[in-house]
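Engineer: sequence and computational prediction follow.
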Amino acid sequence: FFFSSRRRHTRLLTVTGVQTCALPICHSIALLFFLSVAAFASDGNWPRWRGPNDNGSASGGTYPVKFDADSGWLWKTPLPGKGCSTPIVWNHAIYVTAPVEGKDALLAFDWDGKALWQTAFAAEKPGKHRNGSGCNSSPVTNGKLIFAYFKSGQLAAVDLGGKVRWQANLTERFGKDTLYWDYGTSPVLTERDVVVTLMHHGESWMAAFDQTTGAQRWKIARNYTTPTENDHSYATPVVTRHAGREALLVWGAEHLTAHNAADGKELWSCGDFNPEGNRNWVAVSSFVLAGDLAIVPYGRGSRLHGIKLGGTGDVTSSHRAWTRKDTGTFVPSPVEYAGRIYLVRDRGEVECLDPATGKTLWSGSLPKSGANYYSSPSIADGKIYAAREDGVVFVARADAKFEVLSENNMGERVIASPVPVQNRLLLRGEKHLFCIASAAQ
């Protein structure tokens, strides 16, 4: 390692412990480089937590079925500390956050798993939950800069070479969070700004910062009176369009709201997600869009709502398309794939739903265990990838019926979401980053 006193980041010049080519056909792996132009255009990048379409799925490609901690992967590389964020991919480079020697850090790897650089910031604020960390939030990129946010309050913009362009500590600027568990909401990008939200007990807010300079564009309060803990949210916003303009959809504090991306002004709000007034219904799972509907899980896995987008002001009565009181998810976020909604519930139950009606098309269950699902599932190549907290990753069919195809033990905890991109599956474990491809590759 080389430490430069003139720069606030650490350049990694060498890497040890990288293992490559667990597949017996490793000499053919180079063929992965020669992907079709069309495939690269549609699935070449995974620029944020839930992918290029914010739905947890990838279209096209061929993805693996069988692998484990010791075989079936192209490469695995050790990570310097415990983090739960999901990796992102841009132009054959992989970016992920992890603590380095007690500091928040952003790491870059090339397409072969070799370390390119690591950029360290201020002291890490470690996680409280057994599956939490100070690096829960996933980074996001616009193709020029990578933006990372940490539990410590550190927000930073780093260029593709690892140089810090700007940074700010939002805890020092806006105050500490009162979240019961570890901050997990990921930053999102509008055309102009990087946007960060904090919904907790006290002053909840959403703030936008210029991507190039870090200058604060706007900050709004987002406060609602709720039963105990229901004002806490760990969900990530989604950038969409409203009346031809860029808008932000935000879920938490028992309200789904839309905001003008230019100034944060509220456009519409939908409430009444907890008419019984239940306590401790914290929002953990994020929502997903399916056409003009937002599919919103709530009630610690006991509720699922279909909310029509659009309108003005309070749309609670007019825009709720349907409500289910017999299903949902608490921690894993839903996936939209080929016009359907897929749920992997906290205990491994799996459902496929029609987003227009909310009706279940089929259901099944992954093998039982004492472990829960904290990772959000991903879908590619007609396959569901679902990681259980104990590090077992299941692959199942995602078409007309449910069928478990494989059970893959990665040998370490897996909390981050699987990333299917360019015919490869990236899995971020507690200790390693794995890259897997199908045997045909």
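Structural biologist: Cool, the structure landed.

Engineer: make it CA atoms for all contacts and neighbour counts henceforth
Structural biologist: OK.

Engineer: contact partners for the residue most central in space within the chain?
Structural biologist: Nearest to the geometric centre of the chain sits Trp49, at 3.1 Å (CA atoms, centre = their mean). Contacts for Trp49 were tallied using CA atoms under 8 Å, 6 or more residues apart in numbering; they are 86-88, 138-140, 186, 417.

Engineer: next: Gly364.
Structural biologist: Gly364 neighbours (CA under 8 Å, 6+ apart): 349-351, 402-403.

Engineer: can you rerun that using 10 Å?
Structural biologist: 344, 348-352, 401-404 (CA atoms under 10 Å, 6 or more residues apart in numbering).

Engineer: make JSON lines out of those and add pLDDT, neighbour count and distance to Ala253.
Structural biologist: JSON lines is the format used below for these (pLDDT from 0 to 100; neighbours: other CA atoms under 10 Å; distance: CA to CA, whole Å):
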{"residue": "Val344", "pLDDT": "98", "neighbour count": "32", "distance to Ala253": "23"}
{"residue": "Gly348", "pLDDT": "97", "neighbour count": "21", "distance to Ala253": "26"}
{"residue": "Glu349", "pLDDT": "97", "neighbour count": "17", "distance to Ala253": "26"}
{"residue": "Val350", "pLDDT": "98", "neighbour count": "19", "distance to Ala253": "27"}
{"residue": "Glu351", "pLDDT": "98", "neighbour count": "23", "distance to Ala253": "26"}
{"residue": "Cys352", "pLDDT": "98", "neighbour count": "26", "distance to Ala253": "27"}
{"residue": "Lys401", "pLDDT": "87", "neighbour count": "13", "distance to Ala253": "35"}
{"residue": "Phe402", "pLDDT": "94", "neighbour count": "18", "distance to Ala253": "34"}
{"residue": "Glu403", "pLDDT": "96", "neighbour count": "16", "distance to Ala253": "36"}
{"residue": "Val404", "pLDDT": "97", "neighbour count": "16", "distance to Ala253": "36"}
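
Engineer: what segments of the stretch 151-300 of the chain are helices?
Structural biologist: Using DSSP state H, counting those that start in this stretch, the helices found in the stretch 151-300 of the chain span residues 170-174.

Engineer: where does it dip in pLDDT?
Structural biologist: Judged by pLDDT under 70, the stretch 151-300 of the chain has no weakly predicted residues.

Engineer: what's the separation between the residue nearest to the centre of the chain and Lys431?
Structural biologist: Trp49 sits 19 Å away from Lys431, taking CA to CA, to the nearest Å as the criterion.

Engineer: and if you look at Phe273?
Structural biologist: Separation of Phe273 from Lys431 (CA to CA): 38 Å.

Engineer: those two: who's more crowded?
Structural biologist: Each of Phe273 and Lys431 has its neighbours counted (other CA atoms under 10 Å); Phe273 has more, 21 against 18.

Engineer: ok, the closest residue to the more buried one other than its chain neighbours - how many residues close by?
Structural biologist: In space, and not counting its chain neighbours, Phe273 is closest to Glu254: 5.6 Å by CA to CA, 6 or more residues apart in numbering. Glu254 is flanked by 25 other residues according to other CA under 10 Å.

Engineer: same check, this time on Pro187
Structural biologist: Residues near Pro187, counting by other CA under 10 Å, number 25.

Engineer: how about the one 5 residues further on?
Structural biologist: Other residues lying near Arg192 total 14 when counted by other CA under 10 Å.

Engineer: list the contacts for it?
Structural biologist: Neighbouring residues of Arg192 by CA under 10 Å, 6+ apart: 208-212, 217, 261-262.

Engineer: out of those residues, flag the one nearest to Trp268.
Structural biologist: Set against Trp268, the nearest of those by CA to CA is Ala261 (13.0 Å).

Engineer: want to throw the contacts of Trp49 into CSV with secondary structure?
Structural biologist: Compiled in CSV, the contacts of Trp49 are given as follows (DSSP: H, G, I helix; E, B strand; the rest coil):
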residue, secondary structure
Thr86, coil
Pro87, coil
Ile88, strand
Ser138, coil
Pro139, coil
Val140, strand
Ser186, coil
Ser417, coil
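
Engineer: how about those, which pair is most distant?
Structural biologist: The widest separation within those (CA to CA) is 14.4 Å, between Val140 and Ser417.

Engineer: quick one: which of the contacts of Gly364 is nearest Leu289?
Structural biologist: Cys352 (14.8 Å).

Engineer: phi first, then psi, for that closest one.
Structural biologist: Phi and psi for Cys352, reported as degrees, to the nearest 10, are phi -120, psi 130.

Engineer: what's the spacing between it and Val393?
Structural biologist: Cys352 sits 19 Å away from Val393, going by CA to CA.
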